[in-house]
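>>> Build me a structure from this.
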Amino acid sequence: MHATVREALGTVAVVTGGSRGIGRAVVERLSRRGHVVVFTYSDDDEAARAVRRDVGSSVVPLRCDVTAPDAPTRILDAAQAHGEVTILVNNAGVTGPIGPLATVSDETIRRVLEVNLTATLRLCREAVTRWQVGDIRSDRSIVNISSVAARTGAPGEYIWYAASKAGVETLTVGLAKEIAPLGARVNAVSPGTTDTAIHARAGRPGRAADVGMRTPMGRAAAPDEIAAAVDWLTTADASYVTGSVISVSGGMP
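Below is the predicted model of the structure:
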């Protein structure tokens, strides 16, 4: 008989980059399941207020640069003020301008790696360090957001972004094995092209529609379609899933 995973409603979830796109969709889903959700955002106060207004008082915005030296402790302290943290979703991510590797600046490479990979590593470390103290809980879950780019390499677009997401997938597999004795699970979701503002920020606002047309399903994903996979991985239904990278890519390899 396997151990039953108890899903403790009222516990706290942390979502980085939760004011828009996939992150906001994850915040909405976790809130509907009864979790208090503390979400970070970098600078758009109005977008963060809109999430709070639309979703309700169970969501708590935290303006924070995830690369700041004190970010991991600040984020987890803010979350623990509302209860036991059982879910961490590392969603915050940037690409930099689209183009071949020869055109990218050191500053862009540094920023992309710091946001996408280093901040994820540091937040995972902080969460795991805290989970090692006290009782073992079987409802603890980390979900990292990767990208289909980790498999394709994104040539001519943002190889540096693809490399950062490949690192996220390696982190996911290794950490899942390392903390399984704590009862905690670590997985990743690898979205295909998704209709969010990240493409406009990279300089190609029409990219989602263009690339989506070339998928077997003939369209880009909606943010909530990615969030559904993230949500499932944090539930008792995924109690035996850890170290997995789940592709949500509309049939793209």
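
>>> going forward, measure contacts between C-alpha atoms and count neighbours the same way
Noted.

>>> residue ranges of the helices in this protein, please?
Applying DSSP state H to the chain gives helices spanning 21-32, 45-55, 71-80, 106-113, 119-131, 149-152, 159-179, 198-201, 207-212, 223-233.

>>> Quick one: the ones you listed as a markdown table, columns for mean pLDDT too.
Listed next are the helices of the chain as a markdown table, based on pLDDT from 0 to 100:
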| stretch | mean pLDDT |
| --- | --- |
| helix 21-32 | 97 |
| helix 45-55 | 96 |
| helix 71-80 | 98 |
| helix 106-113 | 98 |
| helix 119-131 | 98 |
| helix 149-152 | 96 |
| helix 159-179 | 98 |
| helix 198-201 | 71 |
| helix 207-212 | 71 |
| helix 223-233 | 97 |
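
>>> For residue 90, find the nearest of these.
helix 119-131 (6.0 Å; C-alpha to C-alpha).

>>> Alpha carbons only: can I get that closest one in CSV?
Provided in CSV are the C-alpha atoms of helix 119-131 (Å, rounded to 0.1, in the frame of the first residue of the first chain):
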residue,chain,number,x,y,z
ALA,A,119,17.2,32.6,-8.6
THR,A,120,15.5,29.2,-9.1
LEU,A,121,18.4,27.4,-7.5
ARG,A,122,18.5,29.9,-4.6
LEU,A,123,14.8,29.7,-3.9
CYS,A,124,14.8,25.9,-4.0
ARG,A,125,17.7,25.9,-1.5
GLU,A,126,15.9,28.2,0.8
ALA,A,127,12.7,26.1,0.7
VAL,A,128,14.5,22.8,1.2
THR,A,129,16.6,24.2,4.1
ARG,A,130,13.4,25.2,5.9
TRP,A,131,11.7,21.9,5.1
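
>>> hmm, who's touching it?
Residues from elsewhere that reach helix 119-131, judged by C-alpha atoms under 8 Å, 6 or more residues apart in numbering: 66-67, 72-73, 76, 88, 90, 142, 144, 168, 171, 179, 182.

>>> Which residue is the nearest non-sequential neighbour of residue 48?
Of all residues not flanking residue 48 in the chain, residue 19 sits nearest, at 5.0 Å (C-alpha to C-alpha, 6 or more residues apart in numbering).

>>> Which of the contacts of helix 119-131 are buried, as a ChimeraX select command?
The following ChimeraX line selects those of the contacts of helix 119-131 that are buried, judged by 16 or more other C-alpha atoms under 10 Å:
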select :66,67,72,76,88,90,142,144,168,171,182
